[in-house]
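# Pasted the sequence and its predicted model underneath.
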Amino acid sequence: MPDAPLQSTGPLEGGPVIAVDRLSVTFPTTGGDGRVVRDVSLAIGRGERVGLVGESGSGKSLTARAIMRLVPRPGEVSGRVLLDGVELGVGATRDPTKWRGRSVAMITQDPLSSLNPLVRIGPQMTEMLRFHRGAGRAAARARATELLTAVGIPDPARTLNQFPAVLSGGMRQRVALAIAISCDPRLLIADEPTTALDVTIQAQVLSLLERTTAEHGTAVLLISHDLGVVSGFCERVIVMYAGRIVEAGPTEQLVSAPAHPYTRALLASVPPIQGELPERLPSIPGSPPLGGARIPGCAFAPRCPIARDVCREVEPELRAQARDGHEAACHAAGDPTWEIPELASTAEALP
Ligand SMILES: Nc1ncnc2c1ncn2[C@@H]1O[C@H](COP(=O)(O)OP(=O)(O)O)[C@@H](O)[C@H]1O
Ligand code: SF4
Ligand SMILES: [Mg+2]
């Protein structure tokens, strides 16, 4: 392990399940320096739910794919990922099939992409259990039925005989969740798992995810562009902008006293949990820089209402804030001389 402490780390009794250390993803063909994920470090403890949030294109999915060793060519990954203290991709873990799907599982926005359309649900589930768990045919079938029941599938025997395409989006996501938890993973990465679902099904899938992972002490990394979803589910939130972590901290702290103007802007864009949606959501003007573009100073400066000259010249480091476990990468954070406008938002409605 390098000497530098891991950033974005909450209280981790017994050591983190997953520790990501200065993970970067570079696409040599992209403009700028090509780094679309930049020095992302984080750690998640047993049973802990951590959210990764940011606008589309901020590097969330590539962070997940880099952890899973699924970055497409010609993407290059640097940095280290340790699962229970063992570095992935080195020695015994060099072959990802030894741990992917078993110790680290992932569900995505479109479960059809992880389910084989040509194979019935039953064989897809039992194959995993037989391959990773060495289960016999009958035991695998029984376990698959149990798992489908656990994720709220009303008629598991019927579903096991169906092809993915005949299931509704919500049912497919339940099946994907059942497959993901079937091998009792140490870490479950859920990348926008509810984005394609309507609000009611979304809430059901999240509560299932919460219950099933809590029962097994699974560490969860929930990725979403929606800070409302993330803050309702996670104990800790990490905010990404232009490939970097710009703020991280316990959910309550981050929501009640955000230190980074980008987090404040995301909060202002969250629709109220109850009640009518405003006619126009207070959105963030402008758009993030193109992936890999190299911007001097703070990448958020072109959109930041309080930017000063220093912001355009010096890139702010991720620094600890007054409260434990709260970090932000902003020159204004914690500086009383910097006037920060009131949050004009519906964010007070957040948990
Ligand atoms: N296959 C790829 N080739 C080149 N650049 C890519 C590729 N995939 C993603 N990127 C770049 O990386 C950035 C981050 O992508 P991604 O991690 O998918 O964002 P998010 O999940 O936060 O929406 C994108 O804005 C894009 O510029
Ligand atoms: S460093 Fe400056 S430009 Fe960047 S978010 Fe903070 S105040 Fe805004
Ligand atoms: Mg994504």
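Perfect, I can see it now. Ligands and ions are numbered 1, 2, ... in the order given.
# Spell out which residues of the protein are next to ligand 1.
Contact residues, the chain versus ligand 1 (C-beta under 6 Å from any ligand atom): 27, 30, 36, 54, 56-62, 72, 291. For the C-beta atoms, the positions are set from N, CA and C on the backbone; glycine is no exception.
# Any chance of JSON lines for the residues you listed, columns distance to residue 138, secondary structure and neighbour count?
Listed next are the residues of the chain next to ligand 1 as JSON lines, based on distance: C-beta to C-beta, whole Å; DSSP: H, G, I helix; E, B strand; the rest coil; neighbours: other C-beta atoms under 10 Å:
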{"residue": "27", "distance to residue 138": "47", "secondary structure": "coil", "neighbour count": "19"}
{"residue": "30", "distance to residue 138": "50", "secondary structure": "coil", "neighbour count": "16"}
{"residue": "36", "distance to residue 138": "46", "secondary structure": "strand", "neighbour count": "24"}
{"residue": "54", "distance to residue 138": "45", "secondary structure": "coil", "neighbour count": "27"}
{"residue": "56", "distance to residue 138": "45", "secondary structure": "coil", "neighbour count": "10"}
{"residue": "57", "distance to residue 138": "47", "secondary structure": "coil", "neighbour count": "19"}
{"residue": "58", "distance to residue 138": "46", "secondary structure": "coil", "neighbour count": "26"}
{"residue": "59", "distance to residue 138": "44", "secondary structure": "coil", "neighbour count": "27"}
{"residue": "60", "distance to residue 138": "40", "secondary structure": "helix", "neighbour count": "24"}
{"residue": "61", "distance to residue 138": "38", "secondary structure": "helix", "neighbour count": "20"}
{"residue": "62", "distance to residue 138": "41", "secondary structure": "helix", "neighbour count": "24"}
{"residue": "72", "distance to residue 138": "38", "secondary structure": "coil", "neighbour count": "8"}
{"residue": "291", "distance to residue 138": "49", "secondary structure": "coil", "neighbour count": "20"}
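# Can you show me the strands along the stretch 51-200 of the chain?
For the stretch 51-200 of the chain, applying DSSP state E, counting those that start in this stretch gives strands covering 76-83, 86-87, 104-107, 187-191.
# So residue 27 sits against residue 34, correct?
Yes - counting by C-beta atoms under 8 Å, residue 27 touches residue 34, with 5.1 Å between them.
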